[in-house]
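>>> Predicted structure and sequence below. I'll ask about it afterward.
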Amino acid sequence: MPTQPELLTPSKTVSNSLQHSARLWLPKRVLFTPDALQEPFGQQIYERVSALDLPIEILKNNRLTGLRGKDDRETYRIAKNTLAVVKAPPSSLRLQPVPPSADWQMNLAEGCPAHCQYCYLAGSLQGPPVTRVFANLPQLLANTASYEQPGKITTFEVSCYTDVIGIEHLTGSLAECIRYFGSRPDAHLRFVSKYDQVESLLDLPHNGRTRARLSLNAESIARRMEGGTASVEARLQALRKLALPPPLGGGGYPVGVVLAPIMPIPNWREHYTELLDRLADALDFDCDLTVEFITHRFTPGSKTVLQEWYPNTSLEMEEAGRAEKRNKFGGLKYVYRPDDMKELRTFFYTEWRRRFPDAPILYWT
Ligand code: SF4
């Protein structure tokens, strides 16, 4: 492998029209609860959104109301254009384990400005899909210390319920987390995004304790189903910037790829081969890289919500073609059948190891 990469190497095979950055999300409404404004970090967010000239409303009490439209479509539209800055409730201080991604999840926000037709949040967050950002983030971060174990690295995932880069220009929350974990010898931070605005992260003192991951998928899936996000090419270049050493203008982060949700679309081998080849082009230098493979799945609840949000979706959600899987609480989800899973898994493991023999596969699910 060459060891003297240039800062940027746009793929030779991809036309300019496929290289777009994610459009910066500028919500039409920004709501602050009184409690959020009492928090110094909430005031910092207030300064940021004021500087962007966004319409701000200070609520009279701490409840978010009036977010529903006349039908599901309008409710969705209003919610996806609303940022609410709130104080996370005391229950957020009790962290939940989040295997296999990390030891614990710690949420800096809930809700996301993007429009993925398979969205993982459907059915797991209640109410209209407003993006709620937590103004008491420093308190949430300090609380993670009680989950650390001396002499062992404890990992914290901040991307379970939002896209952390998609809202970073409005909040600065991800930078706050990276700086915090940069100072914790026994803890590591993990985040993942489909956005490419990584410039503000490159100079942060992460001390190798944040793994920066980009979510990738076959070009045709990303283009059809991941509205509002960066193009695959822009994500590949963002990953490259995050991974490149600082002397070459990069962030020097340990990085990762979350290949998700994997779908056996027609000609899937060709589509995913192209993606893996482009990834190898983008990461043509030695770096600390991992991969996570996540196949598409849905639940009865998520299917209902997604059909409300995206009534014209081409997303395949036919129970008849799937296998049923139950979690330990009896919850049902539909995954690909064992034979299909085996074929997919064999392909991805083989093709990954062929290109990235030193980059561990963290899990397949
Ligand atoms: S980026 Fe993630 S959270 Fe946001 S809409 Fe897409 S799937 Fe949902």
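Good, I have the coordinates. Numbering: from 1, shown residues only.

>>> What about residue 156? Give its phi and psi, please.
Main-chain torsions, residue 156, degrees, to the nearest 10: phi -130, psi 130.

>>> So it versus residue 281, what's the distance?
32 Å (C-beta to C-beta, to the nearest Å). The C-beta positions use only the backbone N, C-alpha and C, and glycine is treated the same way.

>>> Same check on residue 55?
Residue 55 sits at a distance of 43 Å from residue 281 (criterion: C-beta to C-beta).

>>> Tell me which of the two has more neighbours.
Using other C-beta atoms under 10 Å as the criterion, residue 55 and residue 281 rank with residue 281 on top: 16 against 10.

>>> any idea which element the more buried one lies in?
If you go by DSSP states H and E, residue 281 is part of helix 268-282.

>>> other SSEs contacting that helix?
Judged by 3 or more C-beta pairs under 8 Å, 6 or more residues apart in numbering; DSSP states H and E, helix 268-282 is in contact with helix 219-225, helix 232-243, strand 255-262, helix 338-355.

>>> make it 10 Å
Using 3 or more C-beta pairs under 10 Å, 6 or more residues apart in numbering; DSSP states H and E, the elements in contact with helix 268-282 are strand 210-216, helix 219-225, helix 232-243, strand 255-262, strand 289-295, helix 338-355.

>>> from what I can see residue 313 touches residue 298, true?
No. Counting by C-beta atoms under 10 Å, residue 313 does not reach residue 298; the two are 11.4 Å apart.

>>> So residue 180 sits against residue 189, correct?
Yes. Using C-beta under 10 Å, residue 180 makes contact with residue 189 at a distance of 7.9 Å.

>>> and of the helices and strands packed on helix 268-282, who's closest to the ligand?
Of all these, strand 210-216 sits nearest to the ligand, with 7.1 Å by C-beta to the nearest ligand atom.

>>> What mean pLDDT does that closest one get?
The pLDDT scores in strand 210-216 average 98.

>>> That strand and the ligand, are they touching?
No. Contact of strand 210-216 with the ligand is not found when judged by C-beta under 6 Å from any ligand atom; the minimum separation is 7.1 Å.

>>> so how far is that strand from its chain's centroid?
Put simply, strand 210-216 sits 8 Å off its chain's centre (C-alpha atoms, centre = their mean, to the nearest Å).

>>> could you dump it to CSV, C-alpha only?
Taking C-alpha atoms only, strand 210-216 is exported to CSV below (Å, rounded to 0.1, in the frame of the first residue of the first chain):
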residue,chain,number,x,y,z
THR,A,210,-12.9,8.1,19.6
ARG,A,211,-13.7,5.7,16.8
ALA,A,212,-15.2,7.8,14.0
ARG,A,213,-17.4,5.7,11.7
LEU,A,214,-19.2,6.4,8.5
SER,A,215,-22.3,4.5,7.5
LEU,A,216,-22.0,3.2,3.9
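
>>> What strands flank that strand, and is each parallel or antiparallel?
When pairing is defined by DSSP bridges, strand 210-216 lines up against strand 187-193 (parallel), strand 255-262 (parallel).

>>> could you give the angle of it to helix 268-282?
Per axes from the mean of the first three to the mean of the last three C-alpha atoms, to 10 degrees, the angle that strand 210-216 makes with helix 268-282 is 140 degrees.
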